[in-house]
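Trainee: build me a structure from this.
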Amino acid sequence: MTIAAELPGATRRSSDLSKHSAEVFAEAEDPPVTVTRRDGEALVLMSQREAEGRARLLNFAEQLITVTLDDNGTLAERMSRAFPWMLALSLTDRESCAQDLVDAARASLSTDQPHLAIAELTSWKETAAAVAAGLGSADLERLDDDAAQTAERP
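Mentor: Below you'll find the model as predicted:
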């Protein structure tokens, strides 16, 4: 099975690209469009966002494979070496982060949805940056429901 056959989305003839280019381009903005040709191999037309998402997922998968090949330490320790920003997280959060990232990568790769892993990676990385900036250490003052006050509109 070819990669083009595995991609979701429409299949269009190359003549459609010249006759109805705006329509074909609009179709390719979300799922990729496979463009078949009589004189050559089929091509895939996709948005730059889609291509960059796939490239980021492959890069992330490469890092995870490298982590799994290392046998020194726990998953969280190995992941912290590959992703040093994880060191800003607590030990418990590092363990949760490591498992969440592996799970998200597996889901992304098995469903061909790069955004799942990239969103999880971004979320954890931003959380680590917030913790490193001291945003997670402030004591919060909770208001009782009875004491809650409504602010007036300006």
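Trainee: care to break this protein down by domain?
Mentor: 3-46, 49-132 (automatic domain parsing).
Trainee: can you redo the ones you listed as JSON lines with mean pLDDT and mean neighbour count?
Mentor: (Each C-beta comes from the backbone N, C-alpha and C, glycine too.) Listed next are the domains of the chain as JSON lines, based on pLDDT from 0 to 100; neighbours: other CB atoms under 10 Å:
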{"stretch": "domain 3-46", "mean pLDDT": "80", "mean neighbour count": "14"}
{"stretch": "domain 49-132", "mean pLDDT": "93", "mean neighbour count": "16"}
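Trainee: make a markdown table from those and add distance to residue 149 to it.
Mentor: Formatted as a markdown table, those follow (distance: least, CB to CB, whole Å):
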| stretch | distance to residue 149 |
| --- | --- |
| domain 3-46 | 45 |
| domain 49-132 | 28 |
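Trainee: wait, which of those domains is closest to residue 151?
Mentor: Closest of these to residue 151 is domain 49-132, at 25.6 Å (criterion: CB to CB).
Trainee: and the closest one, end to end?
Mentor: End-to-end distance for domain 49-132, by CA to CA, to the nearest Å: 30 Å.
Trainee: what residues are up against the residue nearest the centre of the chain?
Mentor: Per CA atoms, centre = their mean, the C-alpha nearest to the average position across the chain is that of residue 118, at 1.7 Å. Residues near residue 118 by CB atoms under 8 Å, 6 or more residues apart in numbering: 53, 56-57, 60, 108.
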